[in-house]
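[1] Sequence below, structure please.
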Amino acid sequence: MMIKRTSKVDLLQGFIEKMFDEIISHDLTKLKLRVYKFKLKYRKLPRQQIAKNIVNDQSFWGGILAAPGGLGGMFTLPVSIPADLIKTLRVQSYWY
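    Down below sits the predicted model:
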């Protein structure tokens, strides 16, 4: 019986495929719930201001989540760049 070894390229390809699956799949119900919570929290404000508050919240969480990625410098770039990409896209679609 022959044991098939997985090459580094296959592992990398599998990781990238899983990463993109994670990025493009989302739960629309959670997104609607998050926006609804903002509407309730800021119900006395105009819609435009509520939208600005949502963008500000996304910016805040994007900055908080991206900061640890830069701590390792060049050594952690292969891992931190995809991780930051996933975290940023999750913030943009309210997955936190």
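[2] Next up, phi/psi of residue 45, please.
    phi -90, psi 160 (degrees, to the nearest 10).
[3] Report pLDDT for it.
    With respect to pLDDT, residue 45 scores 91.
[4] For residue 51, see how far away it is.
    10 Å (C-beta to C-beta, to the nearest Å). For glycine as for every other residue, the C-beta is placed from the backbone atoms N, C-alpha and C.
[5] Ok, residue 89 next?
    In this view, residue 89 and residue 51 are 19 Å apart by C-beta to C-beta.
[6] for residue 36, same thing?
    Per C-beta to C-beta, residue 36 is found 14 Å from residue 51.
[7] out of those two, which sits in the busier spot?
    Shown here are residue 36 and residue 51; by other C-beta atoms under 10 Å, residue 51 has more neighbours (14 against 10).
[8] can you pull the contacts of the more buried one?
    With C-beta atoms under 8 Å, 6 or more residues apart in numbering as the criterion, no residue contacts residue 51.
[9] In terms of pLDDT, where does it sit?
    85.
[10] Look at it and give its secondary structure.
    helix (DSSP: H, G, I helix; E, B strand; the rest coil).
[11] all strands in the protein, in order from the N-terminus.
    Assigned by DSSP state E, the chain shows no strands.
[12] May I see the buried residues of the least confident helix or strand in it by mean pLDDT?
    None of the helices or strands of the chain scores lower by mean pLDDT, DSSP states H and E than helix 77-92, at a mean of 73. Neighbour counts over helix 77-92 (16 or more other C-beta atoms under 10 Å) mark 80, 82-84, 86-91 as buried.
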